[in-house]
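**Q** model this:
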Amino acid sequence: MSKNVRKPFVAGNWKMNGSMSLVADFNEKLASVSAQADIVICSPATLLHGFNNSTFSIGAQNVSHLDNGAHTGELSVEMLKEAGCEYAIVGHSERREDQGESNTLVAQKAKKCVSEGITPIICVGESLDVREAGNVESFVAAQLDAVVEALSVEELSKTVVAYEPIWAIGTGKTASPQQAQEVHEFIRGYFEKVDADLAQGLRILYGGSVKPDNAETLFAQKDVDGGLIGGASLKAEDFISICQAAD
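**A** From the prediction side, this is the model:
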């Protein structure tokens, strides 16, 4: 399967930002958007109920690997589905760092999502220290190992992977198109060893300071199938431009 057969995918991660007025703005401005990509907005959970636009899907920024119980502050897959979510981000670097989420926990979350009919957007990526030490591939491989150990090939085919160079998130720095492609090629090659068809069909997103002025060049790379967008996803016009750049 060539890149042309993999449908582009753009997800906006609002992080701890947004309001009902911003939701209304997106509902209005994305109503007439023309883009070939699958479009997803991952807002704070309190805003999910406000989206009512058929041109995009909604997703959660986090999900529990548990079904229910005494887990204050957590949200289950079933709760998110009831709120209209079709996707959930798992293993974002900020949760790995701030909440100490392990590779094993991220894999458990991904498996729970797939088993209950939500598509996990599985985030992997390295810090600047790891990159400068020349350990990018081994570090990312360890993150992927946990996922591959927990999910079958069929389950893996129902996931999306997002590569986030942590050093390029919220810093204004962006990996060059060549740097992005190198890691995306490595990730696809990693899955090639698991299953060739899986590797060719898997959509791998780039997430690291994607903006309207660099999106087209980044998305033109052979193994970059779209983006996980942070800050630029908070402005409807910018987000629409990025979605259209993925076509």
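**Q** outside of stretch 236-247 itself, list whatever touches it.
**A** For stretch 236-247, the external contacting residues (C-beta atoms under 8 Å, 6 or more residues apart in numbering) are 8-10, 12, 25-26, 29-30, 33-37, 39, 210-212, 215-216, 219, 226-227, 229, 232-233. Where you see a C-beta, it was placed from the backbone N, CA and C, and this is true even at glycine.
**Q** do you know how far the residue located most distally from the centre of the chain is from Leu48?
**A** In the chain, the residue that sits farthest from the middle, by C-alpha atoms, centre = their mean, is Ala70; the gap is 28.2 Å. The gap separating Ala70 from Leu48 is 23 Å, by C-beta to C-beta, to the nearest Å.
**Q** again, but for Thr104
**A** Taking C-beta to C-beta, one finds Thr104 at 27 Å from Leu48.
**Q** how about the strands in the chain?
**A** Along the chain, the segments classed as strands by DSSP state E run 9-13, 38-42, 57-60, 85-90, 119-124, 160-163, 204-206, 226-229.
**Q** thinking again about what came up before, between Thr104 and Leu48, which is the more surrounded one?
**A** For Thr104 and Leu48, the more surrounded residue by other C-beta atoms under 10 Å is Leu48, and the numbers stand at 20 against 13.
**Q** so what's the gap between stretch 216-225 and the chain middle?
**A** 15 Å (C-alpha atoms, centre = their mean, to the nearest Å).
**Q** now swap in stretch 129-144 and tell me
**A** 19 Å.
**Q** CA-only coordinates of that stretch in CSV, if you can.
**A** What follows is stretch 129-144, C-alpha atoms only, in CSV (Å, rounded to 0.1, in the frame of the first residue of the first chain):
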residue,chain,number,x,y,z
ASP,A,129,18.8,14.5,25.6
VAL,A,130,17.8,11.2,24.0
ARG,A,131,18.2,12.7,20.5
GLU,A,132,21.6,14.2,21.3
ALA,A,133,22.8,10.9,22.7
GLY,A,134,21.9,9.2,19.4
ASN,A,135,19.4,6.9,21.0
VAL,A,136,16.2,8.0,19.2
GLU,A,137,15.5,4.6,17.5
SER,A,138,16.1,2.5,20.6
PHE,A,139,14.0,4.8,22.8
VAL,A,140,11.1,4.8,20.3
ALA,A,141,11.4,1.1,19.8
ALA,A,142,11.0,0.5,23.5
GLN,A,143,7.8,2.5,23.5
LEU,A,144,6.5,0.5,20.6
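**Q** what's it in contact with?
**A** Around stretch 129-144, the neighbours that count as contacts under C-beta under 8 Å, 6+ apart are 91, 103, 106, 124-126, 161, 163, 165, 167, 183, 186-187, 190-191.
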